[in-house]
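# here are the coordinates; sequence isn't available:
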C-alpha cells in the first residue's frame with residue numbers, strides 16, 4: 001500500500017467515525033419558513049407547555065436539579081429550572097431570591113403574574129457579559145413554588161430582538177402547566 005492510499009483510508013475512517021457519532025446533524029430546512037407558525041407540545045416529569053415549531057427543546061439533569069431548555073438560537077432561549085425546596089416555604093424561597101445578586105446586570109422592573117393558576121414573581125434585567133459576547137441582553141426571571149419545588153423560568157434574548165421574540169416567549173410561558 002502506498003502512502004496516498006493510507007491517507008485516504010485514514011481520512012475515510014475519520015469521516016465514518018464523525019458521521020456515526022452524532023456530531024453532525026442534518027436538518028430538513030424545507031419547512032423552516034412555515035415552522036415558526038407551527039406550535040409543538042412538550043411534556044416532561046409533570047411539566048407541559050407549547051413552543052414555536054422552529055425552536056428546540058432539551059432536558060438537562062444535574063444532581064437534584066432538572067433544567068428544560070427551549071432555544072431558538074444561542075442568544076434566544078427560555079430555561080425552566082426545577083429545584084427541590086427541601087421543605088422551605090414560598091416566603092423562604094422569595095426571601096432567598098431577594099438576596100440574589102446579578103453582577104453587571106441592571107434590574108429594570110419587578111412584578112407578579114398568574115402562571116399555572118398561582119402567583120409567580122417576575123424580575124426583568126438588562127446587561128451584557130462575556131457569555132453572550134458582550135451583546136446587550138434582556139433577561140426575565142419568573143419564579144413560583146409548587147409541589148415542594150421552585151420553578152424558575154429564565155428568558156434570555158438580545159435587547160434589540162425582544163419585540164420580535166416576545167410572542168414566542170408568551171406562547172411558552174402562558175402554556176406552562178405543572179401537575
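Cool, the structure landed. As the structure is a computational prediction, the values presented were derived from the model and not from experiment.
# now residue 97: which helix or strand?
helix 90-98 (DSSP states H and E).
# swap in residue 163?
helix 162-175.
# ok, back up a step: any buried residues in the helix holding residue 97, and which?
With burial defined by 16 or more other CB atoms under 10 Å, the residues of helix 90-98 counted as buried are 90, 93. Where C-beta positions appear, they are placed from N, C-alpha and C, glycine not excepted.
# list the pairing partners of the following helix or strand past that helix within its sheet, with orientation.
Note on helix 90-98: by DSSP H and E, the next helix or strand toward the C-terminus is strand 105-115. Sheet pairing here is set by DSSP bridges, and for strand 105-115 it gives strand 118-127 (antiparallel).
# tell me the angle the partner strand makes with helix 162-175.
Orientation check (axes from the mean of the first three to the mean of the last three CA atoms, to 10 degrees): strand 118-127 against helix 162-175 gives 160 degrees.
# packing partners for the helix or strand just after strand 118-127?
Of the helices and strands lying after strand 118-127 in sequence (DSSP H and E), the nearest is strand 137-146. Packing contacts for strand 137-146, counted by 3 or more CB pairs under 8 Å, 6 or more residues apart in numbering; DSSP states H and E, involve helix 90-98, strand 105-115, strand 118-127, strand 149-158, helix 162-175.
# as JSON lines, those with distance to residue 74 and mean pLDDT would be great.
Converted to JSON lines, the helices and strands packed on strand 137-146 look like this (distance: least, CB to CB, whole Å; pLDDT from 0 to 100):
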{"stretch": "helix 90-98", "distance to residue 74": "26", "mean pLDDT": "83"}
{"stretch": "strand 105-115", "distance to residue 74": "18", "mean pLDDT": "92"}
{"stretch": "strand 118-127", "distance to residue 74": "17", "mean pLDDT": "93"}
{"stretch": "strand 149-158", "distance to residue 74": "10", "mean pLDDT": "94"}
{"stretch": "helix 162-175", "distance to residue 74": "13", "mean pLDDT": "96"}
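# and among these, the most buried is which?
Highest mean neighbour count among the helices and strands packed on strand 137-146 (mean count of other CB atoms under 10 Å): strand 149-158, with a mean of 21.
# contacts for that one, please.
Strand 149-158 is contacted by residues 47, 75-85, 93, 120, 132, 135-145, 165, 169, 173, 176, 178 when judged by CB atoms under 8 Å, 6 or more residues apart in numbering.
# between the helices and strands packed on strand 137-146, which one is nearest to residue 64?
Comparison of the helices and strands packed on strand 137-146 against residue 64 by CB to CB identifies strand 149-158 as nearest, at 9.9 Å.
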